[in-house]
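Asker: sequence unavailable; structure follows:
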């Protein structure tokens, strides 16, 4: 008998063929694997289910949660953090993070508010937006040219810009009296509900960014860099240029968030929105975007921002102290990141 005859006639070990009954997941194990596969295939499923559960809980435990006025209020409360989170999503997709986004936005509002007292509101608004774009682009230069870790680079910028905003404003705030600057806080109303232009702008920016990431070559490059910068470089993608453009484009979203902030609270305060940077990261993470880069969606971020606001709004209506609201949000972030790390542990080994 030849060697080939022996290999054909003798059965293969079960461990190699994979036909053993023990290797087939059954019961709870099979269900868990199915849910994990669904989560990986459709990252938006998790955030949607979480939002649905939270809405059901608060609608049954509070009397006013599902009122039209409260639902429109939730949308209005989400716009600033939600728009900041759009820019944050771009940066996280390329395995970065931006701790300075709220400080950039606040500096832009202070510049706008101070200039509006002496020049045309349009000029003041444009100058404030340019400040946001330039500051975000500086982050991009530091990360791509000096090769500093994004966490360190943006943490330093956060500290610098927070101080610069207070020094520029001499630690005082500027009331917003211009209709143009307060525009994002107004809009059509259907008593008791209302829909502000800030909310409409947030929805429009979400749809535009969704198209750019999914239907353009630039968006494909962003995901490719997040998955593997070295592989993207070997495929002819200019990693440094794309990463810089991501930070610069994020600055545009921060600029729009500043305009929305002036509409939400008609005052330019250098101490405003102290936790907005962390809340934007929370919205991105809860929305299913992986902190390891290359995976996530803009619609997930939109839902994540709603989850953050719905959780705060519902707990407030339930009479829960704001400190406990922060505790609940923190636990939700840890849980979400833990799941993401568990699901993708095999991709990093």
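Answerer: Happy to help now that I have it. Just so we're clear, the structure is a prediction, and the values are computed from it rather than from any experiment. Numbers count the residues shown, from 1 in each chain.
Asker: any low-confidence regions in the chain?
Answerer: Counting by pLDDT under 70, the chain has low-confidence residues at 1-27, 32, 35-42, 191, 343-349.
Asker: strands along that one, start to end?
Answerer: Taking DSSP state E as the criterion, the chain contains strands spanning 174-175, 189-190, 193-194, 267-268.
Asker: for the stretch 101-250 of the chain, which segments count as helices?
Answerer: Counting by DSSP state H, counting those that start in this stretch, one finds helices in the stretch 101-250 of the chain at the ranges 101-115, 121-145, 150-169, 197-215, 217-227, 229-234, 239-264.
Asker: out of those helices, which is the most enclosed?
Answerer: With neighbours defined as mean count of other C-beta atoms under 10 Å, the helices of the stretch 101-250 of the chain peak in mean count at helix 101-115, which reaches a mean of 28. Every C-beta, even on glycine, is put in place using the N, C-alpha and C of the backbone.
Asker: other SSEs contacting it?
Answerer: helix 68-93, helix 121-145, helix 150-169, strand 174-175, helix 239-264, strand 267-268, helix 276-286 (3 or more C-beta pairs under 8 Å, 6 or more residues apart in numbering; DSSP states H and E).
Asker: looking at the ones you listed, which is closest to residue 181?
Answerer: With C-beta to C-beta, the closest approach to residue 181 among the helices and strands packed on helix 101-115 belongs to helix 239-264: 4.9 Å.
Asker: run a quick neighbour tally on residue 311.
Answerer: Other residues lying near residue 311 total 21 when counted by other C-beta atoms under 10 Å.
Asker: one more: residue 34?
Answerer: 11.
Asker: repeat for residue 322
Answerer: One way to gauge burial is a neighbour count; for residue 322, by other C-beta under 10 Å, it gives 10.
Asker: against residue 102, how distant is it?
Answerer: If you measure residue 322 against residue 102 using C-beta to C-beta, to the nearest Å, the figure is 18 Å.
Asker: can you check residue 266 too?
Answerer: Where residue 102 is concerned, residue 266 sits at a distance of 18 Å (C-beta to C-beta).
Asker: residue 276 is in contact with residue 105, isn't it?
Answerer: Yes: Residue 276 is within contact range of residue 105, at 7.1 Å (criterion: C-beta atoms under 8 Å).
Asker: contact partners for residue 104?
Answerer: Contacts of residue 104 were listed using C-beta atoms under 8 Å, 6 or more residues apart in numbering, and they are 131, 132, 135, 136, 157, 161, 251, 254.
Asker: would you turn these into JSON lines with distance to residue 301?
Answerer: Rendered in JSON lines, the data for the contacts of residue 104 read as follows (distance: C-beta to C-beta, whole Å):
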{"residue": "131", "distance to residue 301": "24"}
{"residue": "132", "distance to residue 301": "19"}
{"residue": "135", "distance to residue 301": "21"}
{"residue": "136", "distance to residue 301": "17"}
{"residue": "157", "distance to residue 301": "22"}
{"residue": "161", "distance to residue 301": "23"}
{"residue": "251", "distance to residue 301": "17"}
{"residue": "254", "distance to residue 301": "14"}
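Asker: and those, which is closest to residue 59?
Answerer: Taking C-beta to C-beta as the measure, residue 59 lies nearest residue 254 of those, at 33.6 Å.
Asker: contacting residues for that closest one?
Answerer: Residues counted as contacts of residue 254 (C-beta under 8 Å, 6+ apart) are 83, 84, 87, 101, 104, 105, 108, 132, 133, 136.
Asker: tell me how many other residues crowd the first one.
Answerer: The reference is to residue 83. Residues within reach of residue 83, counting by other C-beta under 10 Å, total 29.
Asker: ok, it to residue 292 distance?
Answerer: Here the criterion is C-beta to C-beta. By it, residue 83 lies 24 Å from residue 292.
Asker: could you do the last one as well?
Answerer: Distance of residue 136 to residue 292, computed by C-beta to C-beta: 22 Å.
Asker: one more: residue 74?
Answerer: 30 Å.
Asker: same deal with residue 201?
Answerer: Distance from residue 201 to residue 292, counting by C-beta to C-beta: 30 Å.
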